[in-house]
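In: would you be able to build a 3D model of this:
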Amino acid sequence: MFRRKIILVLVVALVLISGLYMANSDIFEASNPYKTEVFKVENGFGYQINYNSKLLIKQEYIPAVQLNKTFCTEQDANSVAQLVSEKLNNKENPQITLENLNQLNIALNCNN
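Out: Have a look, this model is predicted:
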């Protein structure tokens, strides 16, 4: 009887520890399944967004700008990528407008 109680306690402890580990791991991260990544392109930066480890968006140029302009800085690309990721996670239209770019202080002209 005593042995069964010890085994039961050990099994419960193992299950709890496993549950805590899984709850804190990336595999079970439920807050935002969209992951952003900034990458270097010839004259600047771009970004991509993955959903559950699959490429969803690859953006080499600044959206909402008529000409094919790359992001001047890694931070600019990351800021827009984060905004798109948040919009997707909130089930909003992920389209970026000039107003969004202005609010994020994205440089539209740089020395490429």
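In: skipping adjacent residues, who's closest to Glu42 in space?
Out: Nearest non-adjacent residue to Glu42, counting by C-beta to C-beta, 6 or more residues apart in numbering: Thr70, 7.6 Å away. Placement of C-beta: from N, CA and C, glycine included.
In: so what's the residue count around that neighbour?
Out: The local packing of Thr70 (other C-beta atoms under 10 Å) involves 19 other residues.
In: mind checking how far it is from Asn109?
Out: 12 Å (C-beta to C-beta, to the nearest Å).
In: that older thread, tell me the pLDDT at the residue nearest to Glu42?
Out: With respect to pLDDT, Thr70 scores 95.
In: touching, it and Asn43? I think so.
Out: Yes: with contact defined as C-beta atoms under 8 Å, Thr70 counts as touching Asn43 (5.1 Å).
In: how about the residue positioned nearest the centre of the chain, secondary structure?
Out: Centroid-nearest residue in the chain, with C-alpha atoms, centre = their mean: Lys35, separated by 2.5 Å. Here Lys35 takes the strand state, with states given by DSSP: H, G, I helix; E, B strand; the rest coil.
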